[in-house]
Structure formats: C-alpha cells, structure tokens
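Participant: Quick one: sequence plus predicted model below, questions after.
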Amino acid sequence: MIYLMANHSSVWKLRKNGHNMGWMIGYASWKKPSRADMQLPYAIDNGMYFPHGEQPHGGDRLCEFFGRCAKAFAVHAPLFAIVPDMPYDWLETVRRWDQWYPRCRELAPTWRWGIAVQDGATIDDIERLGIRGDKYAICVGGSSEWKDATIRMWATWCRGNGTWCHVLRVNDTARLNVCIDEGVQSVDGTGLFRGDLQPAYPGDVVTKSAHSVCGDHDGFGEYGRP
C-alpha cells in the first residue's frame, strides 16, 4: 500500500529513504512529481470537496482540475485521477460520472479514472455503471461512519474485480490499520503528520505508520502504471 500525502516537499526525502510515499495533488497545488533521479507516485484529486454546510464549488474548479490533468501529460501518468463528483450527494455524483467520465476517458484513454463512492453507494450501483477492471479506481469517501463501515466491502470487491481501491482522508491510525488489514492499495491524508505526531516526523511516524502501510509495494510495481 502507498500513502499519498498532500504534495509536501518532505515526501521526496521519505521516498529516497525507502518509504513508499507519494503525493495526492489537489486544487491549485500542482508540483512536478519527477526529478532527474526519481519519480513520485501521485494521484490527481478533482478538488470538488467542500466542508459540510458550505456551498459547492463552481465551474472554476472543473477548469482547474482539467488544467492539472493537462500538466500531467508532461510527466509519468498518475496512479489515478478522480472524476468530478458531488460531495454528500451520491445521486448527483452518479449523474456527474455519466457526464464527465466519457470526457475524462477521451482526454486520457490509458489513465486509471476513479469514482468517489460515498454514503448511499452500493456495489450494484458500481456494476450498473460498468466500473470493473484495472482502468478504474474506487475512491472511498463519504462520512466517517459510512466509510469505516464499508472499507472492507469495497476492498473485497476491488480485489475480486482487479480494480484499484483507494481510501480518502485517512487521518488516524485506527482507520489506517483497517486499510492495511483489508489490503487497500492506497490512502491519502495529512492528519498522521500533524499535531502531537509532528515532533516525531519523519522518523517514528513513518516507521510506525507509512512504512507499514506501504510494505513492499512501491506504487508502480505489482499493479503497474496506468
């Protein structure tokens, strides 16, 4: 498994020291994920997330998202990119998938494109959408309660169908351990590297969490680049 941090420069050092870390590149935060001697695994978030109770983002976020995708053509392909969704609204997310997925696939036919499943999503929904195989990613979001209750279900289904499984916003060790146990392929978050853990970073925290998360998977090997 690989831990995708917000694109903080410390990830380069962690990667060089053998920790299977990468970047989750979000809204307005493009940084080139390659250097002369090293490449970072990375994924592209769609930037549509907003705090509960606030207003959804508009078309400017879509333009910015596709701008980041265009920049990625100049470097190695991402592990996956998340098709625009609607946080807190699964039915609208499905509608957006129907609207935007064909355009995303046309933009980058060889990439792995992800759908952000959330409260209310079912395996039947995913299968009706034709999502199955290595060209897709299931990105588990939603409320904390729903996410924790369904990680095993999504991880099991993904394993059985050759589909990438990613869990969004893994910011505590309890959820991290569940993802490890269930064989989730990647997670993202920042909470493990903040607050009381910060004085131990990067040594103890990486040794106890990120290194155990990633195991022997380097982000490029077993599952290949999209």
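Facilitator: Cool, the structure landed. Being a predicted model, the structure only gives us computed values, none of them experimental. Numbering: from 1, shown residues only.
Participant: hey, let's count contacts and neighbours off CA atoms from now on
Facilitator: Fine.
Participant: hey, where'd the helices end up in the protein?
Facilitator: Here the chain has its helices, by DSSP state H, at 10-16, 59-72, 90-107, 123-128, 144-161, 173-182, 203-205, 211-214.
Participant: right, so of these, which gets closest to Pro78?
Facilitator: helix 59-72 (7.5 Å; Cα to Cα).
Participant: Next, the angle from the closest one to helix 90-107.
Facilitator: Angle, helix 59-72 to helix 90-107, by axes from the mean of the first three to the mean of the last three Cα atoms, to 10 degrees: 40 degrees.
Participant: Now for His57: which residues touch it?
Facilitator: Neighbour list for His57: Met48, Tyr49, Phe50 [criterion: Cα atoms under 8 Å, 6 or more residues apart in numbering].
Participant: any idea how far Glu182 is from the first one?
Facilitator: In this structure, Met48 and Glu182 are 27 Å apart, going by Cα to Cα, to the nearest Å.
Participant: can you check the second one too?
Facilitator: When Cα to Cα is the yardstick, Tyr49 and Glu182 sit 25 Å from each other.
Participant: about what we covered before: want to throw the contacts of His57 into TSV with neighbour count?
Facilitator: Shown next, in TSV, are those (neighbours: other Cα atoms under 10 Å):
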residue	neighbour count
Met48	20
Tyr49	16
Phe50	13
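Participant: who's the spatially most central residue of the chain bridged to?
Facilitator: Taking Cα atoms, centre = their mean, the centroid of the chain lies closest to His166, which sits 5.2 Å from it. Applying DSSP bridges to His166 gives these bridge partners: Cys139, Ser186.
Participant: again, but for Gly22
Facilitator: Leu4.
Participant: Okay, it and Tyr88: tell me how far apart.
Facilitator: For Gly22, the distance to Tyr88 - Cα to Cα - is 27 Å.
Participant: I'd like the distance from stretch 20-40 to the chain centre, please.
Facilitator: 13 Å (Cα atoms, centre = their mean, to the nearest Å).
Participant: buried set for it?
Facilitator: 20-27, 30, 32-33, 39-40 (16 or more other Cα atoms under 10 Å).
Participant: Please apply the same query to stretch 130-142.
Facilitator: Buried residues in stretch 130-142 (16+ other Cα under 10 Å): Ile131, Arg132, Asp134, Lys135, Tyr136, Ala137, Ile138, Cys139, Val140, Gly141, Gly142.
Participant: need the helix or strand of the protein with the lowest average pLDDT.
Facilitator: Sorted by mean pLDDT, DSSP states H and E, the helices and strands of the chain end with helix 203-205, the least confident at a mean of 38.
Participant: just the buried residues of stretch 20-40: which has the poorest pLDDT?
Facilitator: Lowest pLDDT among the buried residues of stretch 20-40: Asn20, with 82.
Participant: if I read this right, that residue contacts Met5, doesn't it?
Facilitator: No - Asn20 sits out of contact with Met5 when judged by Cα atoms under 8 Å, with a separation of 10.9 Å.
Participant: gap between Pro41 and Lys147?
Facilitator: For Pro41, the distance to Lys147 - Cα to Cα - is 24 Å.
Participant: out of the two, which sits in the busier spot?
Facilitator: Per other Cα atoms under 10 Å, whichever of Pro41 and Lys147 has more neighbours is Pro41, with 25 against 20.
Participant: ok, back up a step: any idea which of the helices of the chain gets closest to Val83?
Facilitator: For the helices of the chain, proximity to Val83 was assessed by Cα to Cα; helix 90-107 is nearest, at 6.3 Å.
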